[in-house]
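> got a structure for you, letters missing:
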């Protein structure tokens, strides 16, 4: 099982939410976790674009990565 690192600020908000019942932190926690999840997925797709066993799979993951990053078709090679 892999470890996931989150910013200290987000960790503090999670603690406040769960231990001190500060409900106002919920939106910031949700946004922070969504941002982290997006970064994790982007990294996974990038890794697959470099390590996939076939050239076709590598190209598929490369295109998916560029789509996720919002790279316009005219800037791609």
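Cool, got the structure. Not measured: the values here are computed from a predicted model.
> now stretch 55-70: average pLDDT?
Mean pLDDT, stretch 55-70: 90.
> distance of the nearest residue to residue 48 once chain neighbours are set aside from residue 42?
With CB to CB, 6 or more residues apart in numbering as the criterion, residue 48 has its nearest non-adjacent residue at 4.2 Å, and that residue is residue 61. Every C-beta, even on glycine, is put in place using the N, C-alpha and C of the backbone. As judged by CB to CB, to the nearest Å, residue 61 and residue 42 stand 11 Å apart.
> tell me which of those two has more neighbours.
Per other CB atoms under 10 Å, whichever of residue 61 and residue 42 has more neighbours is residue 61, with 19 against 14.
> now that one: which helix or strand?
If you go by DSSP states H and E, residue 61 is part of helix 55-69.
> mind listing what the residue nearest to residue 41 when sequence neighbours are not counted touches?
Among residues not flanking residue 41 along the chain, residue 68 sits closest, at 7.3 Å (CB to CB, 6+ apart). With contact taken as CB atoms under 8 Å, 6 or more residues apart in numbering, residue 68 is in contact with 38, 41, 42, 45.
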